[in-house]
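Colleague: Make a model of this:
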Amino acid sequence: MIKRWIGIGVACCISLGGMAQSIQPGLMVTAEEITDIREARGTVPLMDQTIDQAIGKMAAVLDAPIDVPVPKDPGGGYTHERHKQNAKELRTAGLLYQLTGEQKYLDFAQQMLLEYAELYPTLDRHPVKKSYAPGKLFWQSLNEAVWLVQAIQGYDCIRKALEDSTREQVESQLFMPFAQFLSVESPEVFNRIHNHGVWAVAAVGMTGYALEAPDLVRWAFNGVPTESGMPERAGFLAQLDALFSPDGYYTEGPYYQRYAMVPYLQFALAIEHQEPARKIFEYRDGLLPKAVETLVQLTDAQGRFLPLNDAILGMSELAPELILACDLAYQYGGQNPQWLDLANRQGSVLMNGAGLAIAQGLKAGKAEPFERRSAWISDGAEGDFGGIALLRMGEDANQWTVVVKAASQGMNHGHFDRLGVMLYAGQTEVLTDYGAARFVNVVAKEGGRYLPENKTYAKHTIAHNALVVDQASHYQGKWKKGQPHAPNLKHLHLGQEGVQFVVASEAHAYEGVDMERMVALIQIPGQRAPIALDVMTVEAEEAHAFDMPIHHLGQWMEMPQSLQASERALYPLGQANGYQHIWQLASGQVDQNQGFTWLHEGRFVSMTFDTTDVDSAFMGRLGAHDPNQNLRTEPMIMLRKSQGKTATFAQAYEIHGGVNSNTERVAQPRSRIDRIASLFQNEQYGCLLLEGMDGTRYRFAYCKQQVDPTDSQAMEIEGTTIEWQGAYSFEVIEPTHTH
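Modeller: Here you go, the predicted model:
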């Protein structure tokens, strides 16, 4: 089978049947771009710095012996990391050979490839068989595809310089069987609409271009045949169509979008070089450049990706994948000068034409500050399957950001957090999300794979700022049950007059239960920072228990006096669905004018909540039933209505004052908000009352359905008619008392 397939592949190495002969180099860089970079050398600081850094790193590599070990380790182990590094060094060596013409880079790349050509035919499946699709060099075929995406770029840069016999050996013993393994031998991965699938597709397609093997290119676009024939939907364009919305949102969330953008963009660049008539960067109204813009919009004020779905906290716009994304978005997305600002912070560029364009733009002083904007980012291939709402107010490091997850499940990397909320006040996290329970590539923690607690805690609804019914997670914690459904965006108002809000609903997470959430950012006149208002309403056909978890960071300062601490023993909040991992530290009934204050990163954060439908509150901390200490010990608050068919949870969030550790001075440690009350809720309208400590009262009435700005609205509350025009009314009403 292998010999017959290789024979076909070699026979096809004359031309790309129907396509022009392959351009070489022509994956990451072209000969024309190499000439341009050489001519610009010494005049474009960021490109010069990037090349000099690559030369410096490779100097140490060239002085050390090449190591191509027999695979044995899972993620994070020596052989795993060595093979990853080898692919990167091979790619860098090939690029530097093109840029400098120095023989040492060619010799290094050639020797490494020959050693892999000797090793690869001897390998069976990887000995760590803990993946649905194990590789040969790596424990999962995903890493196998990543290796080939890197390595084939290096080979593309040196192929013409090799002797025919060397080229034959490398291609027949390494690259052809490698591409076969990822495609016809692994159709369950190659034809899968998933980030694993697109890595395999890109690896095989790029190999097809480099080796002038049209079968590989065709499979990359159409999928590989199986025993039942050709797949109905597979290949590169199917991946683009199915996994991205028209706004460029990748259904698995920004952390995985950051990762998946690499094969999408690298293969697209190869397509652009080899088959420019396809106009791949214009496909679906410029989807790929748009996806990069969306990806960077899904970051906080520090540039860290919002932890939607499975996500490792701390990954930011400075990740190496974003250098590729930023440079190609600039080159093929209209050369938006804001990308230059991001590239300047990254401190590196691609060693190709796109990187040169960035470096030249920076030298010319064209950079403009990158702007994080309020937006609705749709989900679903047609843009009609929910989405992410971003409400932003303020500028730069002081910008407030509200994130409402009204998107779809996100496949098996999705979490059960319909209508979940995150809130950032500048660089302070107010409402947090745990992200994924995983230590990537740390062998001591499950070999770097997802921890068991990812399934027992991090994915569950209680781990998010989302409503829980009867201590059960949305869709019974089964992603395939949630995948066919998405929340409904009811109203989005992103005006610039100091009020922004979103209303979304979810009707399928629990049978017979309808949930609706309104979240607003409001700038109160005379105040330095806005406040956030959050209202979750729920209606059910039968009586249930309703829990509203609130996750935050920092040290508690003040809490309701009615809460009693658990002094003699600690017990989990529950027995399953993530509750078993939360120690109950305090609990009790609550009365009117209740709230919590905590100190985080030198700033006070207060949450004031309406107690009308809250009969008890809990304070908890992660760490129960965690014998291997896999979970971070973070605090949380939970509000509960023990029984009912309806409930309304209304909260106000405020940042105030702070602590100066050097001078030991404390400013404004107490909230300015005395009370919040939900005055009215129906299908059409909602109304909140906010009362300050000085007695000033504010009323916020809003429409729950999209309305025309010129439409007149009216609602009646306890005999009083409130009238306004447009989406909302926010007004000061008569004070009742002073403190």
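
Colleague: hang on, Ala652 in a strand?
Modeller: Yes. Counting by DSSP: H, G, I helix; E, B strand; the rest coil, Ala652 falls inside a strand.

Colleague: Give me the pLDDT for it.
Modeller: If you check Ala652, the pLDDT there is 98.

Colleague: I'd say it and Thr608 touch.
Modeller: Yes. Taking Cβ atoms under 8 Å as the definition, Ala652 is a contact partner of Thr608 at 4.8 Å. All C-beta atoms are positioned from the backbone trio N, CA, C, and that covers glycine.

Colleague: what is in contact with the two at once?
Modeller: By Cβ atoms under 8 Å, 6 or more residues apart in numbering, Ala652 and Thr608 have these common neighbours: 673, 676.

Colleague: How many residues are close by Asp215?
Modeller: Residues near Asp215, counting by other Cβ atoms under 10 Å, number 20.

Colleague: My error: substitute Gly361 in the last question.
Modeller: The burial count for Gly361: 20, using other Cβ under 10 Å.

Colleague: what packs against the helix or strand harbouring it?
Modeller: Counting by DSSP states H and E, the element that carries Gly361 is helix 353-363. Using 3 or more Cβ pairs under 8 Å, 6 or more residues apart in numbering; DSSP states H and E as the contact test, the elements touching helix 353-363 are helix 31-40, helix 45-63, helix 320-332, helix 338-346.

Colleague: Direction-wise, compare the shortest one with helix 45-63 and give the angle.
Modeller: Taking axes from the mean of the first three to the mean of the last three Cα atoms, to 10 degrees, one finds that helix 338-346 is oriented at 40 degrees with respect to helix 45-63.

Colleague: who's in contact with helix 338-346?
Modeller: 46, 296, 303, 317-318, 322-323, 326-327, 329-330, 333, 349, 358, 361-362, 366-371.

Colleague: that older thread, out of the helices and strands packed on helix 353-363, the one nearest Pro452 is which?
Modeller: helix 320-332 (27.7 Å; Cβ to Cβ).

Colleague: Averaged pLDDT, the closest one. What do you get?
Modeller: pLDDT averaged over helix 320-332 gives 97.

Colleague: quick one: buried residues of it?
Modeller: 321-332 (16 or more other Cβ atoms under 10 Å).

Colleague: What is the nearest of the residues you listed to Ser473?
Modeller: For those, the nearest to Ser473 is Glu321 (30.9 Å; Cβ to Cβ).

Colleague: does the closest one really touch Pro263, like I thought?
Modeller: No. With contact defined as Cβ under 8 Å, Glu321 does not count as touching Pro263 (10.2 Å).

Colleague: What does Ala699 show for phi and psi?
Modeller: Quick fix: residue 699 is Arg, not Ala. When read as degrees, to the nearest 10, the backbone of Arg699 gives phi -120, psi 130.

Colleague: any idea which residue sits dead centre in this protein?
Modeller: For the chain, the residue sitting closest to the mean C-alpha position, by Cα atoms, centre = their mean, is Pro254 at 1.7 Å.

Colleague: For that residue, which non-adjacent residue is spatially closest?
Modeller: Excluding its sequence neighbours, the residue lying closest to Pro254 (Cβ to Cβ, 6 or more residues apart in numbering) is Leu298, at 4.0 Å.

Colleague: still on that earlier bit, convert the C-alpha atoms of the helix holding Gly361 to CSV, please.
Modeller: Listed next in CSV are the C-alpha coordinates belonging to helix 353-363 (Å, rounded to 0.1, in the frame of the first residue of the first chain):
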residue,chain,number,x,y,z
GLY,A,353,7.0,39.8,2.6
ALA,A,354,4.3,40.4,5.2
GLY,A,355,6.8,40.9,7.9
LEU,A,356,8.8,43.3,5.7
ALA,A,357,5.6,45.3,5.1
ILE,A,358,5.0,45.6,8.9
ALA,A,359,8.7,46.6,9.5
GLN,A,360,8.5,49.2,6.7
GLY,A,361,5.2,50.6,8.0
LEU,A,362,6.6,51.0,11.5
LYS,A,363,9.7,52.7,10.3
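
Colleague: If you count neighbours, what's buried in it?
Modeller: So helix 353-363, judged by 16+ other Cβ under 10 Å, has buried residues 353-362.

Colleague: Run through who's touching it.
Modeller: Outside of helix 353-363, the residues within contact range by Cβ under 8 Å, 6+ apart are 29-30, 32-33, 36-37, 40, 43-48, 50, 269, 326-328, 330-332, 335, 337, 339-340, 343-344, 349-350, 367.

Colleague: again with stretch 48-65
Modeller: 37, 41-42, 89, 92-93, 95-96, 99-100, 104-105, 108, 347-351, 355, 359.

Colleague: switch the cut-off to 10 Å
Modeller: Stretch 48-65 is contacted from outside by 37, 40-42, 44, 85-86, 88-89, 92-93, 95-96, 99-100, 102, 104-105, 107-108, 111, 323, 347-351, 355, 358-359, using Cβ atoms under 10 Å, 6 or more residues apart in numbering.

Colleague: pLDDT averaged over that stretch - what is it?
Modeller: Averaging pLDDT along stretch 48-65 gives 97.

Colleague: Could you give the separation of it from the chain centroid?
Modeller: 32 Å (Cα atoms, centre = their mean, to the nearest Å).

Colleague: Same question for stretch 227-246.
Modeller: 22 Å.

Colleague: Check stretch 565-582 too.
Modeller: The answer for stretch 565-582 is 30 Å, by Cα atoms, centre = their mean.

Colleague: quick revisit: which single one of the buried residues of helix 353-363 is nearest to Ala727?
Modeller: Gly361 (39.6 Å).

Colleague: Can you tell me how far that closest one is from His273?
Modeller: To His273, Gly361 is 21 Å away according to Cβ to Cβ, to the nearest Å.

Colleague: Could you dump the helices and strands packed on helix 353-363 into JSON lines with distance to Pro71 added?
Modeller: Below are the helices and strands packed on helix 353-363 laid out as JSON lines (distance: least, Cβ to Cβ, whole Å):
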{"stretch": "helix 31-40", "distance to Pro71": "34"}
{"stretch": "helix 45-63", "distance to Pro71": "20"}
{"stretch": "helix 320-332", "distance to Pro71": "24"}
{"stretch": "helix 338-346", "distance to Pro71": "32"}
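
Colleague: where do the helices sit along the stretch 501-650 of the chain?
Modeller: Here the stretch 501-650 of the chain has no helices by DSSP state H, counting those that start in this stretch.

Colleague: Could you report the pLDDT at the nearest residue to Arg603 once chain neighbours are set aside?
Modeller: Excluding the flanking residues, the one nearest Arg603 by Cβ to Cβ, 6+ apart is Gly658, at 4.8 Å. For Gly658, the pLDDT comes out at 94.

Colleague: Can you give me every residue that contacts Gly658?
Modeller: Per Cβ under 10 Å, 6+ apart, neighbours of Gly658: 428, 599, 601-604, 665-669.

Colleague: Look up how far Gln681 lies from Gly394.
Modeller: 29 Å.

Colleague: Could you do Tyr249 as well?
Modeller: Tyr249 is 30 Å from Gln681, by Cβ to Cβ.

Colleague: And these two? Which one has more around it.
Modeller: Under the criterion of other Cβ under 10 Å, the comparison of Tyr249 against Gln681 puts Tyr249 first, with 30 against 19.

Colleague: dump the residue contacts of the nearest residue to that one once chain neighbours are set aside.
Modeller: Nearest non-adjacent residue to Tyr249, counting by Cβ to Cβ, 6+ apart: Ile377, 4.8 Å away. The contact partners of Ile377, taken as Cβ under 10 Å, 6+ apart, are 245, 247-249, 254, 294, 297-298, 383, 387-390, 407.

Colleague: The same query, at a cut-off of 8 Å, please.
Modeller: 245, 247-249, 294, 297-298, 387-390.

Colleague: Just the element for it, please.
Modeller: Assigned by DSSP H and E, Ile377 falls within strand 375-378.
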